[in-house]
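Visitor: for reference, the sequence and a predicted model appear below.
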Amino acid sequence: MAKLTLSGRTGRGSFVAGAIGGVVAAVVLALAGMSMPASAGALSDGDQQCLGCHGSPGIEKHLEDGETLSLHIPGNTFAQSVHGAIGCTGCHTDINLASHPPAKNTIDTKRKFSTAMVQVCRNCHSEQFGQWEQSVHAALVKEGNSVAPLCTSCHSPHAVIKGAAEDMDTVPCKTCHGDIFTAYAASVHGVLRSGGLTAAPLCFNCHGAHDVSVASAGVGRRDVCLGCHTEALASHSTWLPNAQLHFNAVSCPVCHTPQAQRVVVLTLYNSATQKEVPGPAGIPEFESLNGSPTATRTGLDPATLMTLLKTLNSKDVEGKTIIRGRLEVRTGLEDHELTVASKAISDCNVCHREGAAAFQSVEISVAGPSGMPIRYGASKEVLSSAFSIDSIGGFYAIGGTRITFLDVLFVLALLGGIALPLGHLTLRWAFKRYLSRNPRQKRKR
């Protein structure tokens, strides 16, 4: 049986159900009047009775898997939290003080306990819980990820302070995403936020608070940026040729994170569902451990890419799978290292020159089970192959993308398109001229 102990000791120090537990609780309560923090006086008598035990540092429960679950609730902190008003029984409706603690209360693991208790949040926060269920966090939980955030991962249930998630010092995201938060803190957004500009975006402004999404999926990052920078397209149009095409085909961090490594990302996209296509099963190039990018492989070659598209576009599949090409930065960390506009790349030659570094790295992107894009290595030759003409529609610009082979094909296609109607008109003119010189042939007709 899992044991409840004080100061981590078992044996005689164990609290068990029945008369012993009641006597101990009564003794502690008698002493609580002398030691309870002043601010905890606002709590109900029932809550103070709970804190008679749970307010003692060191109270804990040993679980079946050997872990230890702390049961210590600082009374002062709980009294100041937003949950202080509803009291202990507002969430712990299954507790009966007359028979608490029970003789046996088995808890296998901390994770199972947290997963079960998080359902309590739904009772009061149904809207936020519904949003969470649609989030990438919930998707990871469903996959069995043991560290994917639950409600209590971000909101300490006994110490929920209103507005804490909106503060740089207490935002919960950095608990799991420490390296990305460090990059963000040094970025133009982080510096402005630290300087007191609350209009500067924090994590939830771009990713959502409870309905957390991956901003890099699809064209999401572009729309996220334009959500605040509503004037961006108009201001870029004053100096950037084909500004709308750039916004569609180039991710904002590509220029606004000058030190980042750039990569051409070809995303599998279904025209019927208007969503990214999941990683196709049964194709060796897409089979890797834990769904991680195949960094050690040479990547998909043009012929494999063409075969892949044919497979995905079989007759029994709804919608046509196409590939959308975009220029991105390589990592999520680099996405958050945005700099001030004056330091952004504005030299067209960085990308629009022969052998530009941006076109030396190519990746294929598919939708992972949790909605997070998964990238796989691809040969850079997929950009310069005849097989790839359909793959980079909307991304390729004649003479600008610096893909010589496709430039030649485009010119040939253009000349062919002009030659056909021109040849037709020439033949009609010649035939009419012939008929005008041979009236007999005209009468026969």
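Guide: Received the coordinates, thanks. Numbers count the residues shown, from 1 in each chain.

Visitor: tell me which element the most centrally placed residue in the chain falls in.
Guide: Centroid-nearest residue in the chain: Val214, 2.2 Å away (criterion: CA atoms, centre = their mean). Following DSSP states H and E, there is no helix or strand that holds Val214.

Visitor: low-confidence stretches in the stretch 151-300 of the chain?
Guide: Within the stretch 151-300 of the chain, the set of residues satisfying pLDDT under 70 comprises 217-220, 280-298.

Visitor: any chance you could map the strands in it?
Guide: Listed in chain order, the strands found in the stretch 151-300 of the chain under DSSP state E, counting those that start in this stretch are 262-270, 275-276.

Visitor: what do you get for the stretch 301-445 of the chain?
Guide: 321-329, 362-367, 373-378.

Visitor: how is this protein carved up into domains?
Guide: Domain assignment of the chain by automatic domain parsing yields the ranges 4-117, 241-402, 406-444.

Visitor: quick check: closest non-adjacent residue to Ser187.
Guide: Sequence neighbours aside, Leu338 is the residue nearest to Ser187 in space, at 4.6 Å (criterion: CB to CB, 6 or more residues apart in numbering). Placement of C-beta: from N, CA and C, glycine included.

Visitor: now do Asn205
Guide: Leaving out its chain neighbours, the residue that sits closest to Asn205 by CB to CB, 6+ apart is Cys228, at 7.7 Å.

Visitor: cool, Thr115 as well?
Guide: Among residues not flanking Thr115 along the chain, Leu150 sits closest, at 6.5 Å (CB to CB, 6+ apart).

Visitor: correct me, but the one you found touches Val118?
Guide: Yes. If you go by CB atoms under 8 Å, Leu150 and Val118 touch, sitting 4.6 Å apart.

Visitor: how far away is the nearest residue to Gly55 once chain neighbours are set aside from Gln48?
Guide: Closest residue to Gly55 apart from its sequence neighbours, by CB to CB, 6+ apart: Gly75 at 4.5 Å. Look at Gly75 and Gln48: by CB to CB, to the nearest Å, they are 8 Å apart.

Visitor: so between these two, which is more surrounded?
Guide: Legend: neighbour count by other CB atoms under 10 Å for Gly75 and Gln48, higher for Gly75 (25 against 21).

Visitor: quick one on the thing from earlier: do you know how far the residue nearest to Gly55 is from Asn248?
Guide: Per CB to CB, Gly75 is found 56 Å from Asn248.

Visitor: can you say which of the domains of the chain is nearest to Ile180?
Guide: Taking CB to CB, domain 241-402 is the member of these nearest to Ile180, at 5.4 Å.

Visitor: Ser361 - how many residues pack around it?
Guide: Counted with other CB under 10 Å, residues neighbouring Ser361 total 17.

Visitor: same check on Thr182?
Guide: 15.

Visitor: distance of it relative to Val171?
Guide: Applying CB to CB to Thr182 and Val171 gives a distance of 13 Å.

Visitor: what about the stretch 301-445 of the chain, any weak spots by pLDDT?
Guide: Per-residue confidence for the stretch 301-445 of the chain (pLDDT under 70) gives these ranges: 386-414, 431, 434-435, 437-445.

Visitor: could you rerun that using 90?
Guide: Counting by pLDDT under 90, the stretch 301-445 of the chain has low-confidence residues at 301-327, 331-332, 348-445.

Visitor: helices of the stretch 51-200 of the chain, start to end?
Guide: 75-80, 110-117, 119-124, 126-133, 136-142, 151-154, 178-185, 188-194 (DSSP state H, counting those that start in this stretch).

Visitor: nearest to Arg222, of those?
Guide: Nearest to Arg222, of all the helices of the stretch 51-200 of the chain, is helix 188-194, at 16.3 Å by CB to CB.

Visitor: quick check: buried residues in that closest one?
Guide: Under the neighbour-count criterion of 16 or more other CB atoms under 10 Å, helix 188-194 has Val188, His189, Gly190, Arg193 buried.

Visitor: please apply the same query to stretch 262-278.
Guide: Residues of stretch 262-278 classed as buried by neighbour count (16+ other CB under 10 Å): Arg262, Val263, Val264, Val265, Leu266, Thr267, Leu268, Tyr269, Asn270, Glu276, Val277.

Visitor: out of everything not next to it in sequence, what's closest to Leu192?
Guide: In space, and not counting its chain neighbours, Leu192 is closest to Ala200: 3.7 Å by CB to CB, 6+ apart.

Visitor: one more: Gly377?
Guide: Gly299 (3.5 Å).

Visitor: hang on, isn't His207 packed against Ser213?
Guide: Yes. Using CB under 8 Å, His207 is in contact with Ser213, at 6.1 Å.

Visitor: now tabulate the strands of the stretch 301-445 of the chain in a markdown table and tack on distance to His100.
Guide: Shown next, in a markdown table, are the strands of the stretch 301-445 of the chain (distance: least, CB to CB, whole Å):
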| stretch | distance to His100 |
| --- | --- |
| strand 321-329 | 54 |
| strand 362-367 | 47 |
| strand 373-378 | 47 |
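
Visitor: nearest to Val254, of the ones you listed?
Guide: strand 321-329 (5.2 Å).

Visitor: next, the angle from the closest one to strand 362-367.
Guide: Between strand 321-329 and strand 362-367, the angle comes out at 120 degrees (axes from the mean of the first three to the mean of the last three CA atoms, to 10 degrees).

Visitor: and strand 321-329, what does it pack onto?
Guide: Strand 321-329 is packed against helix 243-249, helix 252-256, strand 262-270, helix 302-312, with contacts defined by 3 or more CB pairs under 8 Å, 6 or more residues apart in numbering; DSSP states H and E.

Visitor: return the distance of that strand from the chain's centre.
Guide: For strand 321-329, the separation from the chain centroid amounts to 17 Å (computed by CA atoms, centre = their mean, to the nearest Å).

Visitor: what angle separates that strand from helix 302-312?
Guide: Using the same axes, to 10 degrees, one finds that strand 321-329 and helix 302-312 are set 130 degrees apart in direction.

Visitor: ok, now how distant is the closest residue to Ile345 other than its chain neighbours from His137?
Guide: Leaving aside its sequence neighbours, Ile345 sits nearest to Cys255 (CB to CB, 6+ apart; 4.3 Å). Separation of Cys255 from His137 (CB to CB): 30 Å.

Visitor: next one: Arg375
Guide: 21 Å.

Visitor: now Leu427
Guide: Distance from Leu427 to His137, by CB to CB: 67 Å.

Visitor: who has more neighbours, those two?
Guide: More crowded of Leu427 and His137, by other CB under 10 Å: His137, with 23 against 10.

Visitor: please verify my assumption that that one contacts Val214.
Guide: No. Using CB under 8 Å, His137 is not in contact with Val214, being 10.8 Å away.

Visitor: okay, and the common contacts of these two?
Guide: Residues touching both His137 and Val214 (CB atoms under 8 Å, 6 or more residues apart in numbering): none.

Visitor: pull out the buried residues from stretch 63-83.
Guide: In stretch 63-83, counting by 16+ other CB under 10 Å, buried: Leu63, Glu67, Leu71, Ile73, Pro74, Gly75, Thr77, Phe78, Ala79, Gln80, Ser81, His83.
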